[in-house]
Structure formats: C-alpha cells, structure tokens
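Chemist: no sequence for this one, just the structure:
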C-alpha cells in the first residue's frame, strides 16, 4: 500500500508519483507528484514538469476551470502520456502553475482504488 502525504496536506491526502512522456519524442520526466482527487473532472499537470519535455502547448485553445470554491481560471492543454501504476494514459491534460498536479476522474475512472483513510494508506485493487 502507498502512504498518504501527511506533511504537505492537512488533513492527509493520497498522492502518487508519475512519469510524464512525450508521445512524439518518447522523452520522460519522472517523479511528478499528483494528488488523487476523485472530485476533479480532469487531470492537471505542473507546467514546470511538462516544460522539461519540450512539448508544445496549444496556445490558441484555453480551457475554463472552476474550483471547488467557485473561482474560475483558464488553462492550456497538452497531449502527453501519464505513466501510472504500470499503465500509460495518453490524453489531453491541462496545465497548472502549482508544483503538484492533480489526477482527476479522466484517469481515475480506469482504475480500482481503495482509500484507507483511517490507516492513511491507499492502493489499487486487483481486477
């Protein structure tokens, strides 16, 4: 099982380290931390990590995001592979200026995950 992050979140939260891969060059950036967020519709990737891959964002298209508090912002998108738990998820992901990203339901809905809050641990379920 994987541990919740008890240092950077209060209350503690489930996080995962992923690799990002450029579908064009195959170049990798590893160890990108993402918060597992079943309340997020989409996955957000840190701009600084994506920038290391040298992939182009579509500067003509921006996507509106609405936070849980009702705040709105605009984000650029990029097509990448997110390598998570031995699987590759290719898709259009949105960028965030935060140092940590968010894994949303666009990816989570493909996985069976158990969140054990009392033990501050999470894991995948064998299907």
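Modeler: That came through fine. Values in this document were obtained by computation on a predicted structure and should not be read as measured data.

Chemist: buried ones in stretch 30-38?
Modeler: 32, 34-37 (16 or more other C-beta atoms under 10 Å). In short, each C-beta sits where N, CA and C put it, glycine included.

Chemist: from the residues you listed, which single one is nearest residue 121?
Modeler: residue 36 (12.1 Å; C-beta to C-beta).

Chemist: Then residue 123 would be within a strand, right?
Modeler: Yes - remark: residue 123 belongs to a strand, assigned using DSSP: H, G, I helix; E, B strand; the rest coil.

Chemist: Now stretch 69-85: average pLDDT?
Modeler: The average pLDDT within stretch 69-85 is 93.

Chemist: that older thread, what's the most distant pair in the buried residues of stretch 30-38?
Modeler: Longest span within those, C-beta to C-beta: 32 and 37, 14.9 Å.

Chemist: in the protein, which spans are strands?
Modeler: 2-5, 13-21, 28-36, 44-46, 62-66, 72-84, 87-96, 101-103, 113-116, 121-124 (DSSP state E).
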